[in-house]
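1. sequence first, then the predicted structure, then my questions.
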Amino acid sequence: MSEAERVISRMMLEAEPGDIDWGNEPLIREGWHRHPNGGGWVRDTATVSDTAYVGPGVEVSDRAQVSELARVAGRARVYGNAEVFGNAYVHGSAQVFSDARVFGTAEVYGHAYVHGNVRVGGVVRIHGRAVVTSGEYSTGEVTDYQVH
């Protein structure tokens, strides 16, 4: 059994009904691999530590990094030179990209976009349709249609 088949088998055994929606998604994609902790897609150029969780609907690509105990779930994407680390949680349809850094216990979710030269760490929630493109955030909340 190949590594991809082992990951898929484990995902299917551990999943609750409705957790995995394979849709028309291929089981193998050239230049990509499934992450062993969660089964999400990781581009061969990206770096994801074994301790991080990358869920089945997630894509981590380009030179992005997900490390430590960070979790990326739902249909979220991490790409460009972005980094997600610590105990950060990115989920829903959120996107973290460009040179953004999300860390600590920060949470980015919904349809939020975090990109550019931005640092999001500590006790911060960015969600809804928020767009954060610069600055440093260590506490508070940025939500629907707020652009920072």
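-> Arrived safely, thanks for sending. Numbering: from 1, shown residues only.
2. only C-alpha atoms for contact and neighbour calcs from this point on.
-> OK.
3. quick one: low-confidence ranges for the chain?
-> Within the chain, the stretches with pLDDT under 70 are 1-27, 145-146, 148.
4. neighbouring contacts of stretch 109-126?
-> With contact meaning C-alpha atoms under 8 Å, 6 or more residues apart in numbering, stretch 109-126 is reached by 82, 88, 90-108, 127-143.
5. what about I28, neighbour count?
-> Using other C-alpha atoms under 10 Å, I28 has 12 neighbouring residues.
6. now the buried members of the contacts of stretch 109-126.
-> Among these, those classed as buried by 16 or more other C-alpha atoms under 10 Å are 82, 88, 90-108, 127-134, 137-138, 142-143.
7. restricted to helices, list those.
-> In helices, defined here by DSSP state H, there are no members of the buried ones among the contacts of stretch 109-126.
8. for the chain, which segments count as helices?
-> Using DSSP H, the helices of the chain run over 3-14.
9. ends of stretch 30-39, what's the gap?
-> For stretch 30-39, the first-to-last residue distance is 16 Å (C-alpha to C-alpha, to the nearest Å).
10. and the residue nearest the centre of the chain?
-> V72 (3.3 Å; C-alpha atoms, centre = their mean).
11. any idea which strand is longest in this protein?
-> strand 113-126 (DSSP state E).
12. how far out from the middle of the chain is it?
-> Counting by C-alpha atoms, centre = their mean, to the nearest Å, strand 113-126 is centred 13 Å from the centre of its parent chain.
13. check stretch 84-91 too.
-> 7 Å.
14. okay, how far is it across it, tip to tip?
-> End-to-end distance of stretch 84-91 (C-alpha to C-alpha): 12 Å.
15. so V118 bridges to which residues?
-> Counting by DSSP bridges, V118 is bridged to G135.
16. count of residues packed around it?
-> 21.
17. for G38, which residues are in contact?
-> Contacts of G38 by C-alpha under 8 Å, 6+ apart are 11, 53-56.
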